[in-house]
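Undergrad: Test case, fold it:
(2 chains)
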Amino acid sequence: MADETPPPPDAGPPPEPPATAPAATGAAAPKPPPPKKVEATDASAHPWVASIRSAVPDAVVSAKEFAKQVTVVVRRERVAEVARHLKDTEDFRYCVDVTAVDWRDRQPRFDVVYHFYSFSKNGRIRMKCGVADGEEVPSISEVFLAANWSERETWDMFGIPFAGHPDLRRILTWDGFNGHPLRKDFPVEGVDTGAAIYPEEWPEGGGPAADDPNRKVVS
Amino acid sequence: MSDRPISGEEKTRAVQTAEDLQSAALAAAESVPVSLHPPTLFEVQEMELNFGPQHPSTHGVLRLVVRVDGEKILETKPDVGYLHRGTEKLFETETYPMGIPHTDRLDYVAAATNNHAFCLTVEKLLAVEIPRRAQLIRVILDELQRLSSHLVWLGTSGIDLGAVTPFWYAFREREQILDFFEEYCGARLTLNCMRIGGLPFDLTAGWVERLIEFVDDLPSRIDDYEQLLTDNRIWKKRTVGVGVISGEECIEWGVTGPVLRGSGIEWDLRRAQPYECYDELDFAIPTRVNGDTYDRYIVRVQEMRQSVRIIRQCIDRLEPGEIRGKVPRVIKPPAEETYASIESPKGELGFYCVSNGTNRPYRMHIRPPSFINLQALPRLAKGHLISDLVALIGTIDIVLGEVDR
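TA: Numbering: from 1, shown residues only, chains lettered A, B, ... in the order given. Just a heads-up that it's a prediction; the model follows:
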């Protein structure tokens, strides 16, 4: 089971002086080194981006490279297909993270951000998609089991629903919490948290809305 | 009741084994409506058990809703968030350097690595060079922190399984490590010991000499722990074959760190994507192939030995020099985004930073190893006994400060 995994060459017993390993990983670095300046470059011609383009034709919106990190922006509807392609064809088997960014005044409002890692390429790719408030994003938790909790966290913190998620519940806050804390319009001080404990005082759905002048603030 | 004549059915039952009876009871239970079927000894009786959040062996405030049949675990549902403090929100309200103390409170037994990952991310945005002396001291602090984190793990997970003695030994050495931190930066737990672009302080006089003494002594101390546990029959009974997970499954679940290496995948960010000066240091990545709790124990103990090797090499390379890179007084990274990660004692700890060109991060996301690793706990625990659940929470080495953030 464990020893038939391809990427790491040696899965033997622990103490072995690794004479050649740093050189080997150095050689596996993804691409020619860009000049060390703080500017993003266009990465449309990058092989990973080209691969996504050929497999899911209308998916890629744009691509850029910054600090040796490739970011590809894809269309919201194509997220799961692109993730599947990256996993199966490009060998990005490890889903590092799923999160989001709230650009309050932009249209669409949110960016959902995915990070994938490939053991054979020793490289990371970042995939993003723009989502308007209330729009659903196809869940990738069928493709990567690891994305399950990360997507729940993103739903909890930003209120971005993931279509097809097997168990989309809040994870860090509790059921009945009012609002999504990492949205830019959620107050840093928080809203009253008595909702679940004193239902007669704080009705179903949590405390008062964030802009209610009478809301009690937890200090 | 005693002089009741024994029926034919009961006679045949007497010679049956417990398993036969259980399967017979199962078959009977399926055919009979529940209300007409009083509970008997061997009937499957599912029960929901709340494990935590105030249970000492959950290492914090982790709640598990466990569905059990007798003592056998059918399903585990972790419930996290009791320690959620909104760290990511707080990052957005404060300047970049002010974010560093918040990272101390994530994985609070490994504050230095959290500081390091945070600083590394901002440094990547700024594209600053870290002076060599600062790099070496950072690696020393990281490895000391890895030692202390593994020592806490060793002591507490030993106690969880009834081995109280290793705890006293492990915490004795950990205290010494905390003394080193205290002398360096004044704090023992929430260190705040790194700055964007380098370090806050240089080493105090005599620190290195005392550290050499300590790391020369440590391998024999690690031998002591191993004498207590490695061939201990009870320890092996509790850990060998418990919570087996294959390397493939680890990758599928996103599990990193000693758990991944215990399942035969030789992957360590210090080697795969070296940061600071790890690429020039000579150290091994301990791996084991069975992927059970015992192998993860061996991996962590071996990692402690490797940390000693790394610290020795860094001390040999130390030379006087700068400890801060050329960082502007007000840190305003370009409006870009970046992700940087390090090998923390628990696994891959990453920060994803989105800057909008001001002196505060627009968004700072933490990729916590404990949170992602904990996700695999239901998979590990399925089919084991309740008492193994305690071993499994210990073996994935979670810190709830990092899970809940």
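Undergrad: Can you give me the distance of whichever residue of the stretch 51-200 of chain B sits closest to chain A to A:D156?
TA: Going by Cβ to the nearest Cβ, chain A is nearest to B:G81 of the stretch 51-200 of chain B, at 4.0 Å. Backbone N, C-alpha and C define where each C-beta goes, glycine included. B:G81 is 8 Å from A:D156, where distance means Cβ to Cβ, to the nearest Å.
Undergrad: so what sits against both of these two?
TA: Shared contacts of B:G81 and A:D156 (Cβ atoms under 8 Å, 6 or more residues apart in numbering or on different chains): A:170-173.
Undergrad: Compare these and tell me which is most surrounded.
TA: Highest neighbour count within the shared contacts of B:G81 and A:D156: A:I171, with 25 neighbours (other Cβ atoms under 10 Å in any protein chain shown).
Undergrad: quick one: what helix or strand has it in it?
TA: According to DSSP states H and E, A:I171 maps onto no helix or strand at all.
Undergrad: need the contact list for the nearest residue to it once chain neighbours are set aside.
TA: Leaving aside its chain neighbours, A:I171 sits nearest to A:R152 (4.3 Å; criterion: Cβ to Cβ, 6 or more residues apart in numbering or on different chains). With contact set as Cβ under 8 Å, 6+ apart, A:R152 has these partners: A:165, A:167-171.
Undergrad: any chance of those residues in JSON lines, with pLDDT and distance to B:S148 too?
TA: Output for those, formatted as JSON lines (pLDDT from 0 to 100; distance: Cβ to Cβ, whole Å):
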{"residue": "A:H165", "pLDDT": "89", "distance to B:S148": "38"}
{"residue": "A:D167", "pLDDT": "87", "distance to B:S148": "36"}
{"residue": "A:L168", "pLDDT": "87", "distance to B:S148": "38"}
{"residue": "A:R169", "pLDDT": "86", "distance to B:S148": "36"}
{"residue": "A:R170", "pLDDT": "86", "distance to B:S148": "34"}
{"residue": "A:I171", "pLDDT": "89", "distance to B:S148": "29"}
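Undergrad: the strands in chain A, which residues?
TA: A:41-42, A:60-66, A:69-74, A:94-102, A:110-118, A:123-131, A:137-138, A:162-163 (DSSP state E).
Undergrad: rank those strands by pLDDT, which is bottom?
TA: Looking at the strands of chain A, the lowest mean pLDDT belongs to strand A:41-42 (a mean of 78).
Undergrad: strand partners of it, parallel vs antiparallel please.
TA: Using DSSP bridges, strand A:41-42 pairs in its sheet with strand A:60-66 (antiparallel).
Undergrad: Next, the buried residues of the partner strand.
TA: Neighbour counts over strand A:60-66 (16 or more other Cβ atoms under 10 Å in any protein chain shown) mark A:60, A:63-66 as buried.
Undergrad: Let me see the contact set for the closest residue to chain B within chain A.
TA: At 2.9 Å from chain B, A:A146 is the closest residue in chain A, using Cβ to the nearest Cβ. By Cβ under 8 Å, 6+ apart, A:A146 lies in contact with A:94-95, B:252-255, B:372, B:375.
Undergrad: returning to that earlier point: with distance to A:A83 added, can I get the strands of chain A in TSV?
TA: Output for those, formatted as TSV (distance: least, Cβ to Cβ, whole Å):
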stretch	distance to A:A83
strand A:41-42	23
strand A:60-66	13
strand A:69-74	9
strand A:94-102	8
strand A:110-118	7
strand A:123-131	7
strand A:137-138	9
strand A:162-163	12
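Undergrad: I figured B:N232 hits B:A163, correct?
TA: Yes: taking Cβ atoms under 8 Å as the definition, B:N232 is a contact partner of B:A163 at 7.3 Å.
Undergrad: Which residue does chain B have closest to chain A?
TA: B:G254 (2.9 Å).
Undergrad: pretty sure that residue is touching A:R93, no?
TA: No: under the criterion of Cβ under 8 Å, B:G254 makes no contact with A:R93, lying 9.9 Å away.
Undergrad: For chain A, which segments count as helices?
TA: A:21-27, A:47-55, A:79-88, A:147-158 (DSSP state H).
Undergrad: model confidence over the last one, on average?
TA: If I follow you right, that is helix A:147-158. Here the average pLDDT along helix A:147-158 is 91.
Undergrad: In CSV, list the C-alpha atoms belonging to it.
TA: Extracted C-alpha coordinates of helix A:147-158, given in CSV (Å, rounded to 0.1, in the frame of the first residue of the first chain):
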residue,chain,number,x,y,z
ALA,A,147,-11.2,20.1,0.5
ASN,A,148,-14.2,19.1,2.6
TRP,A,149,-13.4,21.0,5.8
SER,A,150,-11.7,23.9,3.9
GLU,A,151,-14.9,24.4,1.9
ARG,A,152,-17.0,24.3,5.0
GLU,A,153,-14.7,26.9,6.6
THR,A,154,-15.0,29.1,3.5
TRP,A,155,-18.8,28.8,3.7
ASP,A,156,-18.7,29.6,7.4
MET,A,157,-16.4,32.6,7.1
PHE,A,158,-17.6,34.1,3.9
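Undergrad: what angle separates that helix from strand A:94-102?
TA: If you take axes from the mean of the first three to the mean of the last three Cα atoms, to 10 degrees, helix A:147-158 sits at 10 degrees to strand A:94-102.
Undergrad: Which positions in helix A:147-158 come out as buried?
TA: The neighbour-count check on helix A:147-158 (16+ other Cβ under 10 Å) flags A:147-158 as buried.
Undergrad: returning to that earlier point: run a quick neighbour tally on the residue of chain B closest to chain A.
TA: B:G254 sits with 29 neighbouring residues when counted by other Cβ under 10 Å.
Undergrad: How about the one 5 residues further on?
TA: The criterion is other Cβ under 10 Å. On that basis, B:V259 has 28 neighbouring residues.
Undergrad: so what's it up against?
TA: B:V259 touches B:245, B:250, B:296, B:347, B:373, B:376, B:395-397, counting by Cβ under 8 Å, 6+ apart.
Undergrad: Mind checking what secondary structure it has?
TA: Assigned by DSSP: H, G, I helix; E, B strand; the rest coil, the conformation of B:V259 is helix.
Undergrad: what about the stretch 251-400 of chain B, any weak spots by pLDDT?
TA: Residues of the stretch 251-400 of chain B meeting the criterion pLDDT under 70: none.
Undergrad: any chance you could map the helices in it?
TA: B:258-262, B:269-272, B:293-317, B:369-374, B:377-381, B:386-396, B:400-404 (DSSP state H, counting those that start in this stretch).
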